[in-house]
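>>> Sequence isn't available, so here's the structure alone:
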């Protein structure tokens, strides 16, 4: 059901304090838009692991409480500011996450606005899209391909994160061995993109509780999956890569043990790209990084060009993350989706305001 602007209010999932479970459905005012803003009627919004972390108060970033959660979304333009030129009412859109940027920042001026330390994103810095409507700066918006539905379009953001990780920050050539550690949403999106890039073998590593996710990884392009303790995983990866190790390891898990495994198995002169977050200090030696002359790099967020590539692939079906959506529900059942993701029962939950 499309929300009604005439009431002047809307329902929203609000994170109102730093303590655990300080999230509730509230009636709030529909946002006013400025001259360069667009008002979007939200049709689908993904639940990210970061939303769940804020729900559990286990996050490691600053939050401007109270704030409406949600940064993975798609919808329809229902209002435009006086200076908005590229979008009109009725346009089907999705949005980047960098809601507030300082145009004077050297990172913004050089096109690397995703790395600006002062950027503020939807869902933690400013109000996000787990609501009937969301205010979005025009510069954040992208038009949806006609063939792309709202629920899959809400996954454009994690796909863009993975695109940056695999196709921009890392280098993958056809025939390169690639290992992805962590079969969560980002890890599975990275698996699809590594497969499209020609990785072979393409190995996804999970835990003993990741059976269904590893099965899905196989259907998304992984040539092999591993669910074993680290010592056994090291041996299996060695056997699959001729004893030399993979050219690239992607750490999408975030735990210190994942980075330890990555540094142990990567081949000399190879790459380790870390995209997973984890607040636990790294408690192991970095000597393998030196001994193997490994490139260790982080990958964060995305930029306009990456979004355009991802949306093109989503529109043509070349990239299809729809199997990741395993729970769809109305905004009123938001907690069901959060809990299902927290407990690992679903890979991705999507809410439909």
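The structure has been received and is ready for your questions. No experiment lies behind these values; they were computed from the predicted model shown.
>>> so the most centrally placed residue in the chain, which of the three states?
Residue closest to the average C-alpha location in the chain (C-alpha atoms, centre = their mean): residue 158, at 2.8 Å. For residue 158, the secondary-structure state derived from DSSP: H, G, I helix; E, B strand; the rest coil is helix.
>>> which of the residues in stretch 323-330 are buried?
Taking 16 or more other C-beta atoms under 10 Å as the basis for neighbour counts, the residues of stretch 323-330 that come out buried are 324-327, 329. Every residue, glycine included, has its C-beta placed from N, CA and C.
>>> now stretch 220-229
Residues of stretch 220-229 classed as buried under the neighbour-count rule (16+ other C-beta under 10 Å) are 220-227.
>>> now these in TSV, with secondary structure and distance to residue 252?
Supplementary listing: the buried residues of stretch 220-229 in TSV, determined by DSSP: H, G, I helix; E, B strand; the rest coil; distance: C-beta to C-beta, whole Å:
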residue	secondary structure	distance to residue 252
220	coil	13
221	coil	15
222	coil	13
223	coil	18
224	strand	17
225	strand	14
226	strand	14
227	strand	16
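>>> Quickly note the distance from the residue nearest to the centre of the chain to residue 205.
From residue 158 over to residue 205 the distance is 19 Å, taken as C-beta to C-beta, to the nearest Å.
>>> And for residue 99?
Here residue 99 is placed at a distance of 34 Å from residue 205 (C-beta to C-beta).
>>> For those two, indicate the residue with more neighbours.
For residue 99 versus residue 205, the count of surrounding residues by other C-beta atoms under 10 Å is larger for residue 205: 31 against 22.
>>> Which of the helices or strands spans that one?
Of the helices and strands defined by DSSP states H and E, residue 205 is found in strand 202-206.
>>> all helices of this protein, in order?
Ranges of helices in the chain, per DSSP state H, are 49-56, 106-109, 150-153, 156-163, 185-196, 211-219, 230-240, 256-265, 287-291, 304-316, 334-342.
>>> Turn those helices into TSV, including mean pLDDT and distance to residue 37.
Written out in TSV, the entries for the helices of the chain read as follows (pLDDT from 0 to 100; distance: least, C-beta to C-beta, whole Å):
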stretch	mean pLDDT	distance to residue 37
helix 49-56	96	23
helix 106-109	97	18
helix 150-153	98	20
helix 156-163	98	19
helix 185-196	98	29
helix 211-219	97	38
helix 230-240	96	48
helix 256-265	96	39
helix 287-291	96	45
helix 304-316	98	18
helix 334-342	97	25
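>>> could you dump those helices to TSV with distance to residue 25?
Rendered in TSV, the data for the helices of the chain read as follows (distance: least, C-beta to C-beta, whole Å):
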stretch	distance to residue 25
helix 49-56	13
helix 106-109	35
helix 150-153	20
helix 156-163	23
helix 185-196	24
helix 211-219	29
helix 230-240	42
helix 256-265	35
helix 287-291	46
helix 304-316	30
helix 334-342	6
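>>> Nearest to residue 95, out of the ones you listed?
When the helices of the chain are compared for distance to residue 95 using C-beta to C-beta, the nearest one is helix 156-163, at 8.2 Å.
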